[in-house]
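> Pasting the sequence and the predicted model now:
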Amino acid sequence: MIPLMKSAFLHEYETKKALADFIFNTSKLSMDRKCFEFENEFSKYQNVKHSILLNSGASANLAIIQSLLNLGRLQKEDNVGFSAITWSTNVMPLIQLGLTPVPIDCDVATLNVMSKQLKEAIKKENIKALFITNALGFCGDLHEIKKICHENNVILLEDNCEALGTELKGIKTGNFGLASSFSFFVAHHMSTIEGGMVCTNDNELAEMLTMVRANGWDRNLTHTQQYKLRKQQNVKSEFEAKYTFYDLAYNFRPTEITGFIGLFQLQFLNENIIKREKNYFRLEADYNLNDDFVHINHQHISVLSNFAYPVICKTPVLRDFYIQQFAGAGIEVRPMIAGNIQKQPFIKKYINKRYNLPNADFLHTCSFYCGNYPELTETDLQIISSCLTKKN
Ligand SMILES: Cc1ncc(COP(=O)(O)O)c(C=O)c1O
C-alpha cells in the first residue's frame, strides 16, 4: 500500500524522541517561549516581518478575515474572490463572517487561478479582496496577479497551506499579498501534528491577528502597543487591562508542543521540499510520455514544493481507468482537493448564485491525486510510474 501519507513527521523517530524529552523537562505547556521562537524562525525562513502561530490552517484563514473586518479594511457583504479549486476552510470563513464569496475558475494546466481568470472576474464583479489558493504546491502567475490586484485596489491574500517553499523568480509563495496562511497538519511540507501560521509585513494587521488569536485581549502585544490601546480605551490599571477584550476574536492558540515541533521540524524543511520536488520530476518524466494526460504547466515556478502528485486525464472515462490502475497497485488516491468547490453541499446551502466554472468542472471529473512525500521509496516511485505509463 502506498498511502496518501506515511508518517506524522519527517525523521519521525528523532522528532518523537526530542518531543518526549521536551515534555518531560518543560514546566509550561501552554503557548509560550517555544511558540514565539518558532514564529521568529519561521519569519526568517519565509522572509517576512511577522508570523503568528495558530492551532490550524483553518484558524489561520478565519483569523485573517476576522482581522480585516475588525480593522475595517473589509466590510460585511464585500465580494471576495477565491479559487474554485480549494479547501473547504478557505471559503468557509467568508460565509461565516458575512462576506460574499465569488468563486474564480482555475486554469486546467496550472491547477490555479491565473491573471486571465482574475481579469475576467474583476470585469464582472466588484471584488474587494482575492483569497487565492496556491494549490498542491503549484500557483498562478502571481507577479501578474499582484499587479492586477494593486491596480484594482483588491486586497490580495494567499492561502499557502499547500505550497510552503514554492518560489517564483526567487520570491516565495505567501509573499505576494497582504497576508498568507500556512498549515502544519500532518502530510503538509512541515508537520506540528495540527498547526497553522499567518505571515504578513503589515504591523497593524499583525497586531490585530495577535489579539484575534487569543480572546481579543492585549496580553501578547508589545508594551508600546498595549500602552496605545489602553490609552485609547481608557483602561487605567494592569488589573483591569488583563481582562479587557478589545475586538472580536477566538481562542486559536497553539500549545508549546506545537512550538517545539515546529522549531524542530524547521531544520528538515528544505530536505522535505527538495525530496518532494525530485519525486515530482521523476514521476513527471513518465507522465509526460502518456497522451492520456493533460501536461502540467509550471514553467513560471522556480522551486516546485510539490504537495501531492496530480493526474489530469483527458476524459472522465480515462480518469476511472487510471483510478482503477492505481487502486489495483495499492496506491491511495483522492479527488483534486475538494473538486469544483461550487458542487459542495455547504456552498449550495449558503450561496444562491451559481457561477460558470468550466475548468473547475473539468478537473472535478477528470483528475485525482496520489501522495508525494519524502518517505516514498524507490520501489514506491517505480510502482507509481508504472501506473502513469500508457499500456497499449
Ligand atoms: C488550501 C488549504 N487551506 C486550508 C487548509 C486547512 O488547514 P488545516 O488542516 O491545518 O486546518 C488546508 C488543509 O489541507 C488546505 O489544503
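Cool, got the structure. Numbering: from 1, shown residues only.

> Outline the domain layout of the chain.
Segmentation of the chain into domains, based on automatic domain parsing, reads 12-266, 269-388.

> Reformat those domains as a markdown table; add distance to the ligand, mean pLDDT and mean neighbour count.
No exception for glycine: its C-beta is placed from N, CA and C like everyone else's. Compiled in a markdown table, the domains of the chain are given as follows (distance: least, Cβ to the nearest ligand atom, whole Å; pLDDT from 0 to 100; neighbours: other Cβ atoms under 10 Å):
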| stretch | distance to the ligand | mean pLDDT | mean neighbour count |
| --- | --- | --- | --- |
| domain 12-266 | 2 | 98 | 20 |
| domain 269-388 | 6 | 98 | 17 |
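
> By residue count, tell me the biggest helix in the chain.
helix 269-287 (DSSP state H).

> Now tell me what touches that one from outside.
Helix 269-287 is contacted by residues 10, 45, 137, 164-165, 189-190, 293, 295-296, 303-307, 309, 311, 372-374, 376, 381, 384-385, 388-389 when judged by Cβ atoms under 8 Å, 6 or more residues apart in numbering.

> The helix or strand K147 falls within - contacts with which helices or strands?
Under the criterion of DSSP states H and E, K147 resides in helix 142-151. For helix 142-151, the elements it packs on are helix 115-124, strand 127-133, strand 155-159, judged by 3 or more Cβ pairs under 8 Å, 6 or more residues apart in numbering; DSSP states H and E.

> between the ones you listed, which one is nearest to I64?
strand 155-159 (6.0 Å; Cβ to Cβ).

> Paired strands for that closest one, with orientation please.
Sheet pairing of strand 155-159 (DSSP bridges) gives strand 127-133 (parallel), strand 179-183 (parallel).

> tell me the angle the longest one makes with helix 142-151.
In this case it means strand 127-133. Interaxial angle, strand 127-133 versus helix 142-151 (axes from the mean of the first three to the mean of the last three Cα atoms, to 10 degrees): 160 degrees.

> ok now do the closest residue to Q344 other than its chain neighbours, which residues does it touch?
Distances taken as Cβ to Cβ, 6 or more residues apart in numbering place A338 nearest to Q344, at 6.0 Å, with adjacent residues excluded. Contacts for A338 (Cβ under 8 Å, 6+ apart) come out as 85-88, 344.

> excluding its backbone neighbours, what's nearest the residue most central in space within the chain?
Nearest to the mean C-alpha position of the chain, by Cα atoms, centre = their mean, lies C161 at 1.6 Å. Spatial nearest neighbour of C161, excluding adjacent residues (Cβ to Cβ, 6+ apart): S183 at 3.8 Å.

> Enumerate every residue touching the nearest residue to N372 once chain neighbours are set aside.
The spatially closest residue to N372, leaving aside those adjacent along the chain, is Y309, at 4.5 Å (Cβ to Cβ, 6+ apart). Y309 makes contacts with 279-280, 283, 369-372, 384, as judged by Cβ under 8 Å, 6+ apart.

> Between helix 115-124 and the helix holding K147, find me the angle.
Angle between the axes of helix 142-151 and helix 115-124 is 20 degrees (criterion: the same axes, to 10 degrees).

> hmm, who's touching helix 142-151?
Contacts for helix 142-151 (Cβ under 8 Å, 6+ apart): 113-115, 118-119, 122, 130, 132, 134, 154-156, 158, 168-169, 171, 173, 176-177.

> repeat that for 10 Å
81, 112-119, 122, 127, 129-130, 132, 134, 139, 141, 154-158, 166, 168-169, 171, 173-178, 300-301 (Cβ atoms under 10 Å, 6 or more residues apart in numbering).

> Roughly how far does G216 sit from A60?
Separation of G216 from A60 (Cβ to Cβ, to the nearest Å): 17 Å.

> Repeat that for E162.
Per Cβ to Cβ, E162 is found 13 Å from A60.

> what residues do these two have in common as contacts?
182-183.
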